[in-house]
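**Q** pasting the structure only:
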Ligand SMILES: Nc1ncnc2c1ncn2[C@@H]1O[C@H](COP(=O)(O)OP(=O)(O)OP(=O)(O)O)[C@@H](O)[C@H]1O
Ligand SMILES: [Zn+2]
């Protein structure tokens, strides 16, 4: 399949039978919001599609449980960091379950791998890609002036004049970023005879380096806001240690916006994922992200969400009508699939995950299935629709085979209606609704 790579600014092809993927995980000091769910669902759609194509996927994700924001929240709420992170880690895992994502092969908390980070930093110090000062350990950008900035298309000289990175007197260059911070505030570990903790960019790259055996991975995923400085700084450290690229493809998703402004905790314009799921369910969120190419921004609105609810209703109605058809016609539900439709799905997804086009295909399919009189064709198309929806991660009650007792009840209800016995018909109605037949 073809995927756009942010580093080369070109489409690249994934051909390997096994693919290694890393996606930057959340910083767990709060509930995640629906903007944070965009890279999660992008990764999930990509993995589900690759696995549908029989590609073996090895997916690693971190959980950032050491960070300035966690320390601030701990001081603010007067709760120990570990209590906070344990709570929000559980909430995160619950969200992943509710979204029905394919879980990472390994989900690693940063605090469990501090020794790895220290060894990683030591290697960079020895090869002079990092240096130690009183305030911490910094990356030596001067050594990589021609490489640094390539991912985000930034020139080091511009960066030096504009950077907002905290300025410590003891850094060589203003743009040098921190690998290890000397501090005794918050959780800290002994390293080089001082107390401190790792920097965020070093946390991610160390996991990638270690869990994927120091090899270039296939795909690295994250939101566009992470391109600089986070991913730039991950990439340069990997290059400094291994003298090879961190990732073959860098995949960045666009933002979910509210009134065209990024949904963000700091702007107080967020909707927590758990609340969204309670109101709309996970299908509507998946639909929302698939309406637009993953690289583009999506502006959330009530109108858009109403369309999402309609999409879900349309599919439920299509399944309902098919179930009724099966009962009335005593039809046998075959397993065959309309291969032409699946080929189209394959073509659109291979084209850098063109999900808007796939949604058009789904809409076309639903109206065809509803119109079609030939049961065999109807089922062939439905089976293709079912596979497409499953690969995209939607959950519906796809099974068209109704148990005999319910079949009888359905036919009985129809008879009551014909005989104008509405009270009796109503008594059965509730059961049939529950069974997804009405
Ligand atoms: N509005 C958004 N739209 C799409 N992706 C987002 C959005 N906000 C954050 N992300 C992505 O969510 C993932 C988790 O990031 P992280 O936990 O660092 O969130 P964050 O950037 O701290 O969120 P916030 O901006 O609300 O503080 C990252 O890949 C980030 O790019
Ligand atoms: Zn990261």
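**A** Nice, thanks for sending it over. Keep in mind that this is a model prediction, so the values were computed, not measured. Numbers count the residues shown, from 1 in each chain. Ligands and ions are numbered 1, 2, ... in the order given.
**Q** what's the domain layout of this structure?
**A** Here the domain parsing of the chain from automatic domain parsing is 2-300, 303-391, 404-434.
**Q** Which one of the ones you listed has the poorest average confidence?
**A** Per-segment mean pLDDT for those reaches its minimum on domain 404-434, at a mean of 92.
**Q** What residues of that domain count as buried?
**A** Neighbour counts using 16 or more other C-beta atoms under 10 Å place 406-407, 409-410, 413, 416, 425, 428-429, 432 of domain 404-434 among the buried residues. Any C-beta I mention is one placed from the backbone N, CA and C, and that applies to glycine too.
**Q** Pipe those into JSON lines and attach secondary structure per row.
**A** Shown next, in JSON lines, are the buried residues of domain 404-434 (DSSP: H, G, I helix; E, B strand; the rest coil):
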{"residue": "406", "secondary structure": "helix"}
{"residue": "407", "secondary structure": "helix"}
{"residue": "409", "secondary structure": "helix"}
{"residue": "410", "secondary structure": "helix"}
{"residue": "413", "secondary structure": "helix"}
{"residue": "416", "secondary structure": "helix"}
{"residue": "425", "secondary structure": "helix"}
{"residue": "428", "secondary structure": "helix"}
{"residue": "429", "secondary structure": "helix"}
{"residue": "432", "secondary structure": "helix"}
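**Q** Check which helices and strands the helix or strand containing residue 286 is in contact with.
**A** Residue 286 belongs to helix 282-290 when assigned by DSSP states H and E. Helices and strands touching helix 282-290, by 3 or more C-beta pairs under 8 Å, 6 or more residues apart in numbering; DSSP states H and E, are helix 37-52, helix 81-99, helix 273-280, strand 298-300, helix 302-328, helix 355-371.
**Q** rerun that using 6 Å as the cut-off
**A** Applying 3 or more C-beta pairs under 6 Å, 6 or more residues apart in numbering; DSSP states H and E, one finds that helix 282-290 contacts helix 302-328.
**Q** After the helix it packs on, heading C-terminal, what element do we hit next?
**A** helix 339-350.
**Q** chain center to that following helix, what's the gap?
**A** On the basis of C-alpha atoms, centre = their mean, to the nearest Å, helix 339-350 sits 22 Å off its chain's mean C-alpha point.
**Q** Could you give the residue of the stretch 201-350 of the chain that lies closest to ligand 1?
**A** Nearest residue of the stretch 201-350 of the chain to ligand 1 (C-beta to the nearest ligand atom) works out as residue 223 at 1.9 Å.
**Q** How about the residues of the chain by ligand 1?
**A** 24, 26-27, 35-36, 38-39, 222-223, 225-226, 253, 255-256, 262-266 (C-beta under 6 Å from any ligand atom).
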